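> coords please:
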Amino acid sequence: MRISGSWCIWRRYSRIIVFLANTFLMIQSDDIHTFRIGEHEIWFHSKTLEVSTDPLLEPATDNSATIIANNEFSGSYPDYKTLGLILTNECNLRCSYCFERILLGEPSKQVMSPATAKKAIDFYFSWFQGSFPSILLFGGEPMLWWKNIPDLIKYGNEVALFNKKKIEWQISTNGTFIPPDAINFFKEQRMNFFIDIDGNKNNHNTYRPFASGAGSYDIILKNYEHLRALKGSTLSLRATATPQYPFVFELYKNLSVLGPDNIFIYPCYFESDTQRWDKPPLEDLLRGYTLLAEHTLNLIQMDNYHDVRSFPFIFFLYNLCAREKKRNYCGAYGGLIAVSPEGILYPCIALENQEEYCMGDLGSGINRVSHCRWKELCIIEQRAGCKDCWARYLCGGGCISHMLLTNGQNGPPVEFECALIRHLAELSIWLYLEIIEKKPGFFVNFISKDKVSFLKSERV
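Numbering: from 1, shown residues only. Here you go, the predicted model:
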């Protein structure tokens, strides 16, 4: 592979792939020796990928990378799409990779009061201007707050109805505590469930035991089957790859047979003395995503789109189709505002109790200066390690919370995460070019038409 801040050339299988960061131009050929981009003629050796001139294309200036003044907004809030309620910090599991325990040791025992939760909903609807409000119930383990959830949802639905909207309710749960009255309640209330199952029974019980040390797999599977019987709700399963078990494709196969609506597989981001992404496990992790990309192409060629819609490559394909420069990795700016049990506002759930990243509180609202300081941190053209990376506009800068908690405000992105995202970007570009050639109808049938309208195929 040969890279600069504005282009990247690499080989995948027998094909040579060229990608330009600023224009999203993609070229694939069996044997490229010369090609032109604007006034530039580029030549490289097809076996070594050595390039004849350096620099080839200097990074284009981007006027959007401007410092945000403290008076960026006055009297109104940015359109945060999702309200994240951290209902409790308590949890009945002792997961080996729990980021709260890695960062804080023993998490606090704070629990949100019903009054604070309702106040958060009032606060959200006081400025929300979008069409589809979304509320995420989070923890700890939010189902430990179960006795208050029905009343909270009823209240939220009434507030939404008054504002002529309908809430999309989400809950991120470990799946260990779903009592019968919860099943009955969820028969009438549509929910999006996100449940964690780490692959097979042995692997799951090793990394996600109860506080007693007992395994949690069997009870989660039992509760999962009860939830599957609900009509209208969505069930997504998530698995976490660890340095001890980095086998992404095996995790996918274990979850696929359970028949969920979506499958998400993430690495554990926060490292500890016992969990580090050294070279061997990282290579296994990347190899697993390569297998998943090859499987994705096979599924698409068979018109089987069910599993692939939640694969990480799909999010890259959206941006490649629309030629949209991604400037945020996730919803940590503009996508989500998190509320702690005490009613403190944060830009990300992972930053709870990190006082320097507090965004305000339910009483005084979002602090304007804190909001603008956070937005500055999210500008990838100004961040060390991002501004000169060829994949920056496909990545959006990586998990900013992970970076801040690991390397600080002025530090670079986390090295293993960058390696993973660049690998996913390479695989996604390869997938894009393969799909254009072998199954172009996928983009029309699966990816939204507003993005397909920008779809172009570049060939040499």
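> Show the contacting residues for the residue lying closest to Gly215 once chain neighbours are set aside.
Distance criterion CB to CB, 6 or more residues apart in numbering; nearest residue to Gly215, sequence neighbours excluded, is Asn205 at 3.2 Å. Every C-beta, even on glycine, is put in place using the N, C-alpha and C of the backbone. If a contact means CB atoms under 8 Å, 6 or more residues apart in numbering, then Asn205 has 215-217 as its contacts.
> Does Asn205 lie in a helix or a strand, and which?
Using DSSP states H and E, the element containing Asn205 is helix 201-207.
> now could you export just the CA positions of that helix as CSV?
Coordinates of the C-alpha atoms in helix 201-207 are reproduced here as CSV (Å, rounded to 0.1, in the frame of the first residue of the first chain):
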residue,chain,number,x,y,z
LYS,A,201,-22.1,-20.0,25.3
ASN,A,202,-18.6,-20.7,26.5
ASN,A,203,-17.2,-17.4,25.1
HIS,A,204,-20.2,-15.4,26.4
ASN,A,205,-20.1,-16.8,29.9
THR,A,206,-16.3,-16.2,30.1
TYR,A,207,-16.6,-12.4,29.3
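> Buried residues in it, which are they?
Within helix 201-207, the residues scored as buried using 16 or more other CB atoms under 10 Å are 203-207.
> got it, and stretch 169-180?
Counting neighbours by 16+ other CB under 10 Å, the buried set in stretch 169-180 is 169-178.
> Give me the contacts around stretch 131-146.
Judged by CB under 8 Å, 6+ apart, the contacts made with stretch 131-146 from elsewhere in the structure are 81-93, 107, 111-112, 121, 124-125, 149, 156, 160, 165-174, 176-179, 182, 336, 338, 349.
> Now do the end-to-end distance for it.
Counting by CA to CA, to the nearest Å, you get 28 Å between the two ends of stretch 131-146.
> Neighbours of Ser401, how many?
Using other CB atoms under 10 Å as the criterion, Ser401 is surrounded by 22 other residues.
> you'd agree it is in a helix?
Yes. When the secondary structure is assigned by DSSP: H, G, I helix; E, B strand; the rest coil, Ser401 falls within a helix.
> so it sits right up against Glu352, yeah?
No. Counting by CB atoms under 8 Å, Ser401 does not reach Glu352; the two are 10.0 Å apart.
> Let me see the ranges of the helices in the stretch 101-250 of the chain.
With DSSP state H, counting those that start in this stretch as the criterion, the stretch 101-250 of the chain has helices at 114-127, 149-162, 180-188, 201-207, 217-228, 248-256.
> pLDDT averaged over the longest strand seen in the chain, what's the number?
The single longest strand within the chain, with elements called by DSSP state E, is strand 234-241. The average of the pLDDT scores along strand 234-241 is 96.
> So which bits of that strand are buried?
Within strand 234-241, the residues that qualify as buried are 234-241, counting by 16+ other CB under 10 Å.
> Show me the shaky parts of the stretch 1-150 of the chain.
Applying pLDDT under 70 to the stretch 1-150 of the chain picks out residues 1-7, 14, 23, 25, 27-79, 104-105, 107.
> Kindly recompute the last result at 50.
The stretch 1-150 of the chain contains residues with pLDDT under 50 at 32-75.
> Would you confirm that Phe442 contacts Tyr432?
No. At 10.1 Å, Phe442 does not count as touching Tyr432 under the criterion of CB under 8 Å.
> These two: who's more crowded?
For Phe442 and Tyr432, the more surrounded residue by other CB under 10 Å is Tyr432, and the numbers stand at 24 against 21.
> I figured that one hits Tyr318, correct?
No. Using CB under 8 Å, Tyr432 makes no contact with Tyr318, being 10.5 Å away.
> and the gap between the residue nearest to Lys118 when sequence neighbours are not counted and Pro114?
Leaving aside its chain neighbours, Lys118 sits nearest to Tyr155 (5.4 Å; criterion: CB to CB, 6+ apart). Tyr155 sits 9 Å away from Pro114 when distances are taken as CB to CB, to the nearest Å.
> what residue lies at the spatial centre of the protein?
In the chain, the C-alpha nearest the mean C-alpha coordinate belongs to Cys330, at 5.5 Å (CA atoms, centre = their mean).
> ok, now which ones touch it?
336, 348, 396, 399.
> And for Val248?
Remark: with contacts taken as CB under 8 Å, 6+ apart, Val248 is in contact with 241, 265, 285, 288-289, 291-292.
> Tell me how far it lies from Thr82.
Going from Val248 to Thr82 by CB to CB gives 26 Å.
> And Cys330, by the same measure?
For Cys330, the distance to Thr82 - CB to CB - is 11 Å.
> okay, and the common contacts of those two?
Between them, Cys330 and Thr82 have Leu336 as joint contacts when contacts are counted by CB under 8 Å, 6+ apart.
> Name the member of the contacts of Val248 with the most neighbours.
Ala241 (25 neighbours).
> Next up, the contacts around it.
Neighbour list for Ala241: 247-248, 251, 265-268, 285, 288 [criterion: CB under 8 Å, 6+ apart].
> would you list these in CSV and tack on pLDDT?
Output for those, formatted as CSV (pLDDT from 0 to 100):
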residue, pLDDT
Phe247, 97
Val248, 97
Leu251, 97
Ile265, 95
Tyr266, 93
Pro267, 94
Cys268, 92
Leu285, 97
Gly288, 97
